[in-house]
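**Q** Got a sequence here, can you model it:
(chains A and B)
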Number of protein chains: 2
Amino acid sequence: MNSIGIVETKYFTFAEPPEEMTLKNGVKLGPITIAYETYGKLNDDRSNAILIFHSLTADAHVAGFHEGAKKPGWWDDMVGPGKAFDTNKYFVICSNVLGACKGSTGPASINPKTSKPYGLSFPMVTIDDMVSAQKRLLDHLGIKRLLSCCGGSMGGLQALKWAVMYPEYQASVILIATNYRHTAQQIALHEVCRQAIMSDPDWQNGDYYGKSIPARGMALSRMIGHITYMSEKSMDEKFGRKLIGKEKVGYDFSHDFEVENYLKYRGDSFVQRFDANTYLYLTKTLDYFDLTEDGNLVNALKPVTANFLIVSFSSDWLYPSYQSKELARALKANDVDVSDIEINSSYGHDAFLVEVEGLSRLIKSYLQRMTKEYSYVK
Amino acid sequence: MNSIGIVETKYFTFAEPPEEMTLKNGVKLGPITIAYETYGKLNDDRSNAILIFHSLTADAHVAGFHEGAKKPGWWDDMVGPGKAFDTNKYFVICSNVLGACKGSTGPASINPKTSKPYGLSFPMVTIDDMVSAQKRLLDHLGIKRLLSCCGGSMGGLQALKWAVMYPEYQASVILIATNYRHTAQQIALHEVCRQAIMSDPDWQNGDYYGKSIPARGMALSRMIGHITYMSEKSMDEKFGRKLIGKEKVGYDFSHDFEVENYLKYRGDSFVQRFDANTYLYLTKTLDYFDLTEDGNLVNALKPVTANFLIVSFSSDWLYPSYQSKELARALKANDVDVSDIEINSSYGHDAFLVEVEGLSRLIKSYLQRMTKEYSYVK
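**A** This next block holds a predicted model:
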């Protein structure tokens, strides 16, 4: 498939007053830098902008290649010339969330007041805060309205909150494999991942920068994550009981099964590419997310005016499709135009990144429809 | 409900030749002690014996109370006067598996050759080895044939293997929430639990006896376990997003949600009651289990002659009911008489211990039917 080619991450720092942003918990934070990338061109009437929100450990680099890189951005299958998010037609923007570690201000960033990394002195950010920071970026880019905003998993929470906080700001919202509040099982899984990191003596209460990183805890946490991203079926199809270059099991504590090696590989590579404190913060951000707050979803969605496409996957047990269906029902109760689609897939939560063909077909035609219905706000 | 009252654990040591047992991996192990309990009375024609196999972290103490104890055995709801396994009618036996830490010989036992705990020098035991050791105990007790043998989860693997290794030895087999081989997801979850323990610096390559135990790793491992024992629905019903004595979330890394406290409690209490190395060994034992070996389940079940009752639970995602159904189909292909029942329950894998009413009804009538059909072998 066509790639958009070489791309570069750009940075936007809130330089003008108010330089500080007041977070949902009341804490003031600033200066804030937001890393972002854009693909395609903003058309003359500025009516073709699409904002993509990334998931837990992804970043602003959605598509194309960074100079010298072998791997493209995390959703290169979906974003590029002729693809679902067709960069010949649309101007696509993605920013690294506030609180992350891929160029935006987060726990691993240097606190200008102390000249040291924030670590645990970084304030807790919420989905609301991420969305507010992204809105500042869009204002800076001169975008007055979006054709669409789209996110999967944690990105979906942002897209949903965006639609509530800035209801007139987009014509449509695409939610993939997401929900409207984190449930007990999701919180429980995050808590185990956090405890894995915080139990690692190298974590040092978050003060590990420039020293040994809590690699064992990080790897463990990622192993748990990868199990939840797949489905029982996809694990069985991919690995089954296949042994690693052995005729027989070893009857000892070395690895016997391919699935064990896969988890180790995934765990170890995560250690290299992500910051432990950031992982702690972002999982808390997810756990805190409850769009309803008072438990009433229909009420919480009252401000929404955009058209919705909600996609879920049959084997996703981390963000089960019943949650998407509840959300669709509550939107419909508010007379919102919703297309609610469950894709039959064995890939579990990973389907959001893997089911490219089905997703592309859906999103391509949805965006074409939305383009026709789009009205530009001057 | 009636309890059987005060009970005592007994011990059987293979004292006569062959004092050593040759394990499946070829290693000789001995002397071996097996801890066991019995409830009810063996009748005159020795036709009312039932063997119960315990699950991963349970023990021989199924029912009644140990002297001074506040809590009864792990299946007291099911075993006792007038209960499903009615101790007024049946003679019930349960032994702690070989390789465990509740009185039977295992990694935490003293190796008589070194006068130190075995630790990682303990040989790997398989389900076959556990079953062989239990057979020795039954020979010692003078049991020539069982009315039934029953196990849930890991206990089910033993019951199934028992039916293949000693086909004429029991009239019936009751399997609950179990399978016939461990799948990639089950192996993956065990591997994460093992890595949690082995990543704890206090684990010391298994040589922690008399020193600090790997408490953090053990607790983590148990937290993961408890998530897998419940279902998404039962977690949501029990905890939802309930906060712990707080009006609002704390926006920090202290616990906010009840589910977080529950996992911590479960983790910490596990540390007190189980041995870390034993947990490593037993999860490996589970992972190694594949009744088919060559992949052909129908062939693997050819020796079976007993009648089967197979129970699974709709929301059990750790031992999904499709695995029980595959097993039932393969038994039927061998002309085995099988009752295959999926109980509709939201309790996940825990249903095996929680769905007392449904299970009691099923097992009570099944055992009555089996008693009528029973023929004693002299």
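
**Q** The most centrally placed residue in chain A and chain B: what is the separation?
**A** Per C-alpha atoms, centre = their mean, the C-alpha nearest to the average position across chain A is that of residue A:55, at 1.3 Å. From residue A:55 over to chain B the distance is 20 Å, taken as C-beta to the nearest C-beta, to the nearest Å. Heads up, the C-betas are built off the backbone N, CA and C, glycines and all.

**Q** just checking, that residue touches residue A:157?
**A** No: using C-beta atoms under 8 Å, residue A:55 and residue A:157 do not qualify as a contacting pair, with a distance of 9.6 Å.

**Q** So for the two, which residues contact both of them?
**A** Among the neighbours of residue A:55, those also in contact with residue A:157 (C-beta atoms under 8 Å, 6 or more residues apart in numbering or on different chains) are residue A:151.

**Q** Need the pLDDT of the residue nearest to the centre of chain A.
**A** Predicted confidence (pLDDT) at residue A:55: the value is 98.

**Q** Contacts for the helix or strand hosting residue A:12 next, please.
**A** Using DSSP states H and E, residue A:12 sits in strand A:10-13. Counting by C-beta under 8 Å, 6+ apart, strand A:10-13 makes contact with A:31-38, A:95, A:103, A:136-137, A:140, all of which sit outside it.

**Q** switch the cut-off to 6 Å
**A** Residues outside strand A:10-13 that contact it (C-beta atoms under 6 Å, 6 or more residues apart in numbering or on different chains) are A:31, A:33, A:34, A:35, A:36, A:137, A:140.

**Q** now swap in stretch A:224-235 and tell me
**A** Outside stretch A:224-235, the residues within contact range by C-beta under 6 Å, 6+ apart are A:189, A:192-193, A:266, A:315, A:318, A:346-350, B:184-185, B:188, B:192.

**Q** Does residue A:336 fall in a helix, a strand, or a coil region?
**A** The three-state label for residue A:336, taken from DSSP: H, G, I helix; E, B strand; the rest coil, comes out as coil.

**Q** can you check the one 3 residues further on too?
**A** What three-state DSSP gives for residue A:339 is strand.

**Q** Tell me how far it lies from residue A:312.
**A** Look at residue A:339 and residue A:312: by C-beta to C-beta, to the nearest Å, they are 12 Å apart.

**Q** More neighbours: the two, which one.
**A** Of the pair residue A:339 and residue A:312, residue A:312 is the one with more neighbours under other C-beta atoms under 10 Å in any protein chain shown, namely 27 against 15.

**Q** Distance of that one relative to chain B?
**A** As for residue A:312, its distance to chain B is 14 Å (criterion: C-beta to the nearest C-beta).

**Q** so what strands line up beside the helix or strand hosting that residue?
**A** Counting by DSSP H and E, the element that carries residue A:312 is strand A:307-313. Here strand A:307-313 is paired, per DSSP bridges, with strand A:170-176 (parallel), strand A:338-343 (parallel).

**Q** Please work out how many residues are found near the nearest residue to residue A:333 once chain neighbours are set aside.
**A** Of all residues beyond its chain neighbours, the one nearest residue A:333 is residue A:298 (4.8 Å), with distances taken as C-beta to C-beta, 6 or more residues apart in numbering or on different chains. Neighbours of residue A:298 under the rule other C-beta under 10 Å: 13.

**Q** quick one on the thing from earlier: give me the helices and strands touching the helix or strand just after the strand holding residue A:312, please.
**A** Taking DSSP H and E as the definition, the helix or strand that follows strand A:307-313 towards the C-terminus is helix A:321-333. In terms of contacts (3 or more C-beta pairs under 6 Å, 6 or more residues apart in numbering or on different chains; DSSP states H and E), helix A:321-333 is packed against helix A:297-300, strand A:307-313, strand A:338-343.
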